[in-house]
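Colleague: predicted model and sequence follow; I will ask about them next.
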Amino acid sequence: MLLEALSAAILGLALAWAAVHRLPHRLPARVLVLPTGIAGALFGAFVTHTALGAGSLLLVLLGSAALSAASLSLLLRPAGRLHRSSATA
């Protein structure tokens, strides 16, 4: 269980670091993004471990990566200005 948690935290940190470096203009401050990636990965590992049980480290890491990516995607801002047309036009 400790190996799963440590692996998930490192995976979440790596995903958050990659997101910060690839999309710096669309994400908030690094101080918020890095802990969000780690927390998402740890929660994903917990949920996957609870659902599948012990013994499947690869599946637990896959679940933690999925939930970490999902939590990081919630921090994304739109790329450019939103073009809204009026309802009367």
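Modeller: Structure received. Worth saying up front: this structure is predicted, and the values here are computed from it rather than measured.

Colleague: the residue nearest to the spatial centre of the chain sits in which helix or strand?
Modeller: Note on the chain: the residue nearest the mean C-alpha position is residue 68, at 2.5 Å, using CA atoms, centre = their mean. Residue 68 is part of helix 57-73 when elements are defined by DSSP states H and E.

Colleague: now the helices for this structure?
Modeller: Under the criterion DSSP state H, the chain contains helices at 2-22, 30-52, 57-73.

Colleague: I'd like those as JSON lines, with distance to residue 80 appended.
Modeller: Bear in mind the C-beta positions are built from the backbone N, C-alpha and C, glycine included. Shown next, in JSON lines, are the helices of the chain (distance: least, CB to CB, whole Å):
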{"stretch": "helix 2-22", "distance to residue 80": "17"}
{"stretch": "helix 30-52", "distance to residue 80": "20"}
{"stretch": "helix 57-73", "distance to residue 80": "18"}
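
Colleague: make a markdown table out of these and add mean pLDDT.
Modeller: A markdown table is the format used below for the helices of the chain (pLDDT from 0 to 100):
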| stretch | mean pLDDT |
| --- | --- |
| helix 2-22 | 95 |
| helix 30-52 | 95 |
| helix 57-73 | 95 |
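
Colleague: so residue 54 touches residue 1, yeah?
Modeller: Yes. Using CB atoms under 8 Å, residue 54 is in contact with residue 1, at 7.2 Å.

Colleague: which residues are common contacts for those two?
Modeller: Among the neighbours of residue 54, none is also in contact with residue 1 (CB atoms under 8 Å, 6 or more residues apart in numbering).

Colleague: give me the phi and psi for residue 79.
Modeller: Note on residue 79: backbone dihedrals following degrees, to the nearest 10 are phi -70, psi -40.
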